[in-house]
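S.K.: Structure of the sequence below:
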Amino acid sequence: MKRITVLGSSGSIGKQTLNIVSKMKRNICIEGLAVGSNIKILKSQIKKFKPTAVSVNSPAAAQNLKKWCISNNIKTCVYEGNTGLEKLTTMPKTDMVLAAIVGVVGLKSIIAAIKAKKDIAIANKEAIVMAGSYIMKLATENGVSVLPVDSEHSAIFQCWTYEKKSQVKRIILTASGGPFYKYDKDFSKITVEQALDHPTWKMGRKITVDSATLMNKGLEAIEASILFGVSIDKVEIIIHPQSVVHSMVEYVDGSVIAQLSNPDMKLPIQYALTYPERLPSNIKPLNLIEINKLEFYNPDFNKFPCLNFAYYAARKGYTAPAVMNAANETAVAAFLSKEIKFTDIAKIVGRTVKAHKISKSTSLDAFIEADCWARHYAEKLIDEI
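M.R.: Next comes the predicted model:
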């Protein structure tokens, strides 16, 4: 029986994870759950999964939950704030932590879990982009596995058949293209509602906007480079609207190995939870005759400038990816609150990355400081618009 703690259980990935666990009770149980402030969802999860402990970032929400647990004779322990999150991630009986909390809080919880020698199922690509070199080094030192939850990185992981990186020619990272890869109208007129209407995947608001700008694919290119230890120039992005081929690995002999399935996030989540085993799932089987054709296109780096900034930051390395990620998070939040235009997202990211003086320190403090600087700088740019 594998014991899992889910960080971000009220989000899209967290809820899908619990959906999988509910069907695999003989193999997996829930040890802990963490949310920001959404205790309405957390209460229903506590009733269903009976975790040993939960963590709530909001102190007021945590107090509310404690009273509810007492009045309902529920013995689940309730932690709060950053300290509580660290306690949750380091519980002795936990085997794996599924990390789906964004930002610095998510990063610190991953680090705490690794230091406690917990395997990580990583759904927080921003943490890898921000401080991936630090995370991977720490994981190696502690003998911890870092397993990807993103469908593309799960695909790469499954296609990565050799230990020698010299045998890999390139990673081919597929992208659905989002709602605008064929859009020929004025991008500055794109509304929040249009950007949130993804043609393939049901996801959270932030990642859906990232998919619309293709920044999500830029972040994933950096994540692939770090997780698999290859140069960013060995990671190639292609548009694949059907989202059936989730990614490919090409080897030096010309062989290309791909992972295919119907687009359903439950598959990569389940694979991360059950690895190295594969267990039956209720995911719709792939029918290539029914699909009929698979299309592939080159991405337009001029139309989607966020891709350029991602590759630029990756090539610069050190604190540049952390800055790019923080600027993007800040700009996307402003777009979602309708403070800026869709096209302003890329402008803010580009100006912030170009203004940053890169620190060559690889300490955690350097990455956090760069993240903080970028958020303040991006906020100033937003105020000027």
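S.K.: Report the mean confidence score over the top helix by length along the chain.
M.R.: Ranked by residue count and defined by DSSP state H, the top helix of the chain is helix 364-384. On average, the pLDDT along helix 364-384 is 97.
S.K.: Packing partners of that helix?
M.R.: helix 103-115, helix 125-141, helix 320-336, helix 342-355 (3 or more C-beta pairs under 8 Å, 6 or more residues apart in numbering; DSSP states H and E). (Glycine included, C-beta is placed from N, CA and C.)
S.K.: Following the chain onward from the least confident helix or strand in the chain by mean pLDDT, which element is next?
M.R.: Of the helices and strands making up the chain, the lowest-confidence element is helix 103-115, at a mean of 91, by mean pLDDT, DSSP states H and E. Beyond helix 103-115 on the C-terminal side, the first helix or strand identified by DSSP states H and E is strand 119-122.
S.K.: That following strand pairs with which strands, parallel or anti?
M.R.: With DSSP bridges as the test, strand 119-122 is paired with strand 96-99 (parallel), strand 146-148 (parallel).
S.K.: Need the residues that contact the longest one.
M.R.: By C-beta atoms under 8 Å, 6 or more residues apart in numbering, the list of residues contacting strand 96-99 from outside reads 2-8, 13-14, 17, 89, 106, 109-110, 113, 118-124, 127, 149, 269, 272-273.
S.K.: sorry, back to before: comparing the helices and strands packed on helix 364-384, which comes out most buried?
M.R.: Stretch with highest mean neighbour count among the helices and strands packed on helix 364-384: helix 320-336 (a mean of 26; mean count of other C-beta atoms under 10 Å).
S.K.: tell me the angle it makes with helix 364-384.
M.R.: Relative orientation of helix 320-336 versus helix 364-384 (axes from the mean of the first three to the mean of the last three C-alpha atoms, to 10 degrees): 30 degrees.
S.K.: Spell out, range by range, the strands that occur in the stretch 101-250 of the chain.
M.R.: 119-122, 146-148, 168-175, 235-239, 245-251 (DSSP state E, counting those that start in this stretch).
S.K.: roughly how far out does the longest helix of the chain sit from the chain middle?
M.R.: From the chain centre to the centre of helix 364-384 is a distance of 20 Å (C-alpha atoms, centre = their mean, to the nearest Å).
S.K.: Of all the helices and strands packed on helix 364-384, which one is nearest L260?
M.R.: Proximity to L260, assessed across those by C-beta to C-beta, is greatest for helix 125-141 (21.8 Å).
S.K.: Can you give the contact residues for that closest one?
M.R.: Contacts of helix 125-141 (C-beta under 8 Å, 6+ apart): 99, 102-104, 106-107, 110-111, 114-115, 120, 122, 144-146, 150, 219-220, 222-223, 226-227, 229, 321-322, 324-326, 329, 362-364, 367-368, 371.
S.K.: List every C-alpha atom in that helix, with coordinates, as PDB.
M.R.: What follows is helix 125-141 as a C-alpha-only set of coordinates in PDB (Å, rounded to 0.1, in the frame of the first residue of the first chain):
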ATOM      1  CA  LYS A 125       6.400  22.800 -13.400                       C
ATOM      2  CA  GLU A 126       7.000  26.300 -12.200                       C
ATOM      3  CA  ALA A 127       9.100  25.000  -9.300                       C
ATOM      4  CA  ILE A 128      11.300  23.100 -11.700                       C
ATOM      5  CA  VAL A 129      11.700  26.100 -14.000                       C
ATOM      6  CA  MET A 130      12.400  28.300 -11.000                       C
ATOM      7  CA  ALA A 131      15.000  26.200  -9.200                       C
ATOM      8  CA  GLY A 132      15.200  22.900 -11.100                       C
ATOM      9  CA  SER A 133      19.000  22.500 -10.800                       C
ATOM     10  CA  TYR A 134      18.700  22.800  -7.000                       C
ATOM     11  CA  ILE A 135      15.800  20.400  -6.800                       C
ATOM     12  CA  MET A 136      17.400  17.700  -8.900                       C
ATOM     13  CA  LYS A 137      20.700  17.900  -7.100                       C
ATOM     14  CA  LEU A 138      18.900  17.600  -3.700                       C
ATOM     15  CA  ALA A 139      16.800  14.700  -5.000                       C
ATOM     16  CA  THR A 140      20.000  12.800  -6.100                       C
ATOM     17  CA  GLU A 141      21.700  13.500  -2.800                       C
END
